[in-house]
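K.L.:
the following block contains a protein sequence and its predicted model.
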Amino acid sequence: MVTHNVKRFKVEKPKNYNFTPGQATDVSINSLELKDKKRPFTFTCLPSSPFLEFTIKMYPDHEKGVTKHLKDLKTGDSLIIRDVFGAIHYKGQGVFIAGGAGVTPFIAILRFLKEKNNLKGNTLIFSNKTSKDIILEKEFKEMEKLGLKLILTLTKENNKKYDNRRIDEYYLKEKIKDFSQHFYICGPIRMVGEITSTLGKLGANPDSLVVES
Ligand SMILES: Cc1cc2nc3c(=O)[nH]c(=O)nc-3n(C[C@H](O)[C@H](O)[C@H](O)COP(=O)(O)OP(=O)(O)OC[C@H]3O[C@@H](n4cnc5c(N)ncnc54)[C@H](O)[C@@H]3O)c2cc1C
């Protein structure tokens, strides 16, 4: 488990299977009842990794959901993965803005930048409801030591160790000085819509926005 409801899956990598950091694939569980129930998940490992990794938030209350079954998988069970796809890829230094499990494409990209010693000049603004929901907090803090600017904010917990603000116009103005850089946004549809239009208002160029929800 990565957090109380997010699980890491480390799986065999098919021969000649390639992806770009930030990309995803449709995954299903290889069983008679579930093999056609596909859900998109992002690779969180490096493309050079000998295995594939997914970081997946479980929704036990989604009565027709797949993630509640993913939770029960055991070593040796199999998944079906398909072609890779995804709008998010690294275009250059910028600000990564994520809500909850929306951070997954940025895990892959930031790990890639770390490998290339290129974290400096990038910012991660990561919003969660509470501190126990923060995915890979320790790893992001390690990246902070290597030059990543890390901003963690909580919307449903008052905790002095973090910001306690929603990502809105005032917050973005306070945290970002340069709106001419790239912005990468991923999270719940509503959050992505609001932040995208706010960034436009603050002067960000639509061509510099890389978005997925
Ligand atoms: C490109 C892309 C990449 C993604 N990558 C990742 C990733 O790496 N990691 C990750 O964690 N997520 C990722 N997601 C999100 C992920 O795909 C969904 O969270 C996942 O599909 C949820 O699957 P599910 O079957 O459990 O539930 P759903 O498909 O959301 O729901 C299944 C059914 O459950 C019921 N249901 C839905 N909502 C509720 C509710 N609130 N209460 C009760 N019942 C409900 C409905 O009947 C619904 O039909 C990604 C999404 C996209 C588009």
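P.N.:
Right, received. Where do you want to start? Numbering: from 1, shown residues only.

K.L.:
and the chain, which residues reach the ligand?
P.N.:
Taking CB under 6 Å from any ligand atom, the part of the chain that reaches the ligand is made up of 24, 39-42, 54-57, 59, 61-67, 86, 101, 104, 212. C-betas here are computed from N, CA, C, even on glycine.

K.L.:
and if we set it to 5 Å?
P.N.:
Contact residues, the chain versus the ligand (CB under 5 Å from any ligand atom): 24, 39-42, 56-57, 59, 61-62, 64-67, 101, 104.

K.L.:
ok, of those residues, which come out buried?
P.N.:
24, 41-42, 56-57, 66-67, 101, 104 (16 or more other CB atoms under 10 Å).

K.L.:
now, the residues of the chain next to the ligand that are in helices?
P.N.:
Among the residues of the chain next to the ligand, the ones falling in helices (DSSP state H) are 67, 104.

K.L.:
may I ask which two of the residues of the chain next to the ligand are separated the most?
P.N.:
24 and 61 (23.2 Å; CB to CB).

K.L.:
and residue 184, that one's in a strand?
P.N.:
Yes. Under DSSP: H, G, I helix; E, B strand; the rest coil, residue 184 sits within a strand.

K.L.:
OK, contacts around it?
P.N.:
88, 90, 94-97, 105-106, 109, 210-211 (CB atoms under 8 Å, 6 or more residues apart in numbering).

K.L.:
then residue 164?
P.N.:
Residue 164 touches 153-155, 157-158, counting by CB under 8 Å, 6+ apart.

K.L.:
make a markdown table out of those residues and add secondary structure.
P.N.:
Conversion of those to a markdown table gives the following (three-state DSSP):
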| residue | secondary structure |
| --- | --- |
| 153 | strand |
| 154 | strand |
| 155 | coil |
| 157 | coil |
| 158 | coil |
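
K.L.:
roughly how far does residue 30 sit from residue 39?
P.N.:
14 Å (CB to CB, to the nearest Å).

K.L.:
same deal with residue 97?
P.N.:
23 Å.

K.L.:
check residue 11 too.
P.N.:
Counting by CB to CB, the gap from residue 11 to residue 39 is 15 Å.

K.L.:
before we move on, what about residue 123?
P.N.:
Taken as CB to CB, the span from residue 123 to residue 39 is 30 Å.

K.L.:
sec struct for residue 120, please.
P.N.:
Applying three-state DSSP: residue 120 is coil.

K.L.:
distance check, it against residue 180.
P.N.:
18 Å.

K.L.:
so what pLDDT did residue 213 get?
P.N.:
On the pLDDT scale, residue 213 is placed at 70.

K.L.:
ranges for the strands of this protein?
P.N.:
Secondary structure of the chain (DSSP state E): strands located at 6-12, 24-29, 39-42, 51-57, 79-85, 94-99, 123-128, 149-154, 182-186, 209-212.
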